[in-house]
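Visitor: 3D model of this:
(chains A and B)
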2 protein chains.
Amino acid sequence: MKTIQSTKNELIKEIKKLHKKKERERTQRFLIEGFHLIEEAWKNECEITQVFFTNRGLNEWGEFFKHFPEEQKTLVSDEVMHTLSELPTPQGICAVVKMKEQKMTEWSGGWLLLDNVQDPGNVGTMIRSADAFGLSGVILGKGTADIYSGKVLRAMQGSNFHLPIVQMELQESIDLLKKHKVTVYGTELNERAISLSEVQKTKNYAIILGNEGTGVSSEILEKTDANIFIEMKGNAESLNVAIAASILMYSFSV
Amino acid sequence: MKTIQSTKNELIKEIKKLHKKKERERTQRFLIEGFHLIEEAWKNECEITQVFFTNRGLNEWGEFFKHFPEEQKTLVSDEVMHTLSELPTPQGICAVVKMKEQKMTEWSGGWLLLDNVQDPGNVGTMIRSADAFGLSGVILGKGTADIYSGKVLRAMQGSNFHLPIVQMELQESIDLLKKHKVTVYGTELNERAISLSEVQKTKNYAIILGNEGTGVSSEILEKTDANIFIEMKGNAESLNVAIAASILMYSFSV
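Guide: Numbers count the residues shown, from 1 in each chain, chains lettered A, B, ... in the order given. As a prediction, the model looks like this:
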């Protein structure tokens, strides 16, 4: 196993560039931190191209990687790990993972569609909930936070390895979903929409959530089979978008 | 109206200290940013002791504060606003608000109890949802993030001005709630607990959510009337705590 002590090392500078979306897209690789996410990637047959350990990380998790090719493992100083990590206290292990092509192979079940949802924590939490409630996949429309950014990866807690997450024009995906007899629901914050408790839940459904400030765009709301709102009895003007998405997905799952 | 140009000004240095919990507790004051939160504080009869504007902020919102005492308004430079703000792009207005004593005056309805929930975003989002679903109040046990920190205030979106949020030993609050015929539910991530869809929802209820990593502590789970889990069909090991709390509160509210 090689050892790197300096943050100026060429390989380290290369890997650090994966903090940027452009470089992730160019190389089709992303960086994950912490043993839990790496284990999830491994369990779900993702290709791990590099693993970096600190001394502490190697002691704790080295055994797990014993059959992993030596040339793909690197022991680094704490300082180097701080450069690679986006966390204030890095766990002592991180890895480079190859992106998998994400395809929709079947259309039944539940789908979550995101229209310009910008907060990485919201996007990640919604995907984690979609996984928890057994949805078939997630479709990301334009403007939605990049799922390979550190913040989204941390909020997903590995759920990205469990279900397909596809980038697609939402208008196009709605047409496809409808063609495959999936009922498509938008979400609206007004009482023109149907209340969640009154909606006849279908087995094949898609739910569209929108931007934190402006909601689902009107062109998309016009294309849906129906639009839903969640009944609120209190004084808050709205729900956090990840909360709204998760209440909807839970309600369709039970 | 006075003008402050320098970040070294004594008043500015004093106000900036409100970013720290210790100073907030000592002075019983906290700092809010953005017109929306200040308007919510004002509508809900909170005492606003100071307002700081940039030129832009004064142009946009000065009219709203025209009857506000001149000596409590300050025009500041953009640089000073950056010092006071915790945001990368400050809105141009912030204010100091006096804490109100938070008391429980009645016991009916729904209660959310937080046991050592540490992430500020989670705590704030849960309080926003508690407000949205018309709960009577929120009780914060030991270890829970301070609701007067900037991150919690931003996630609450003003909901802290709508319902009482009380700091109290959870053991004590559970005894009090039970005495007032409120059914107390813990949350557990195992099937010893009752599934949410099978729970008989009561009008007077309390739901306890716990730490992001370890859940509700066992001493507290032993004191509840029943413990609930949320059915999950997919592969995620757990839900985000704010998501779980909100699904529970929604289910009890409809």
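
Visitor: setting aside sequence neighbours, what's the nearest residue to the residue of the stretch 151-254 of chain A found nearest chain B?
Guide: Of all residues in the stretch 151-254 of chain A, residue A:233 sits closest to chain B, at 3.4 Å by C-beta to the nearest C-beta. For every residue, glycine as well, the C-beta is placed using N, CA and C. Leaving aside its sequence neighbours, residue A:233 sits nearest to residue B:134 (C-beta to C-beta, 6 or more residues apart in numbering or on different chains; 3.4 Å).

Visitor: returning to what we had before: I figured the residue of the stretch 151-254 of chain A closest to chain B hits residue B:253, correct?
Guide: Yes. Here residue A:233 lies in contact with residue B:253, judged by C-beta atoms under 8 Å, at a distance of 5.7 Å.

Visitor: quick one: which of those two has more around it?
Guide: Comparing residue A:233 with residue B:253 by other C-beta atoms under 10 Å in any protein chain shown, the one with more neighbours is residue B:253, at 19 against 13.

Visitor: for that one, give me phi and psi.
Guide: phi -90, psi -20 (degrees, to the nearest 10).

Visitor: can you pull out the helices in chain A?
Guide: For chain A, helices defined by DSSP state H occupy the ranges A:10-16, A:21-27, A:35-43, A:55-61, A:78-84, A:120-132, A:150-156, A:170-179, A:218-221, A:241-253.

Visitor: save those as CSV, and put in mean pLDDT and distance to chain B too.
Guide: Putting those into CSV (pLDDT from 0 to 100; distance: least, C-beta to the nearest C-beta, whole Å) gives the following:
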stretch, mean pLDDT, distance to chain B
helix A:10-16, 97, 22
helix A:21-27, 97, 18
helix A:35-43, 96, 9
helix A:55-61, 96, 17
helix A:78-84, 97, 22
helix A:120-132, 97, 4
helix A:150-156, 96, 8
helix A:170-179, 96, 19
helix A:218-221, 95, 21
helix A:241-253, 97, 4
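
Visitor: just the ones you listed: most buried one?
Guide: Of the helices of chain A, the one with the most neighbours on average (mean count of other C-beta atoms under 10 Å in any protein chain shown) is helix A:120-132, at a mean of 27.

Visitor: which strands or helices does that one pack on?
Guide: strand A:110-115, strand A:137-140, helix A:150-156, helix A:241-253, helix B:241-253 (3 or more C-beta pairs under 8 Å, 6 or more residues apart in numbering or on different chains; DSSP states H and E).

Visitor: want to try TSV for these, with distance to residue B:49 as columns?
Guide: Below are the helices and strands packed on helix A:120-132 laid out as TSV (distance: least, C-beta to C-beta, whole Å):
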stretch	distance to residue B:49
strand A:110-115	41
strand A:137-140	45
helix A:150-156	35
helix A:241-253	33
helix B:241-253	31
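
Visitor: so which of those is nearest residue B:32?
Guide: Set against residue B:32 and scored by C-beta to C-beta, the helices and strands packed on helix A:120-132 come closest in helix B:241-253, at 21.0 Å.

Visitor: the closest one vs chain A: in contact?
Guide: Yes. Using C-beta under 8 Å from any C-beta of the partner chain, helix B:241-253 reaches chain A at B:242-243, B:246-247, B:250, B:253.

Visitor: picking up where we left off before, just the pLDDT for the residue of the stretch 151-254 of chain A closest to chain B.
Guide: Per-residue pLDDT puts residue A:233 at 90.
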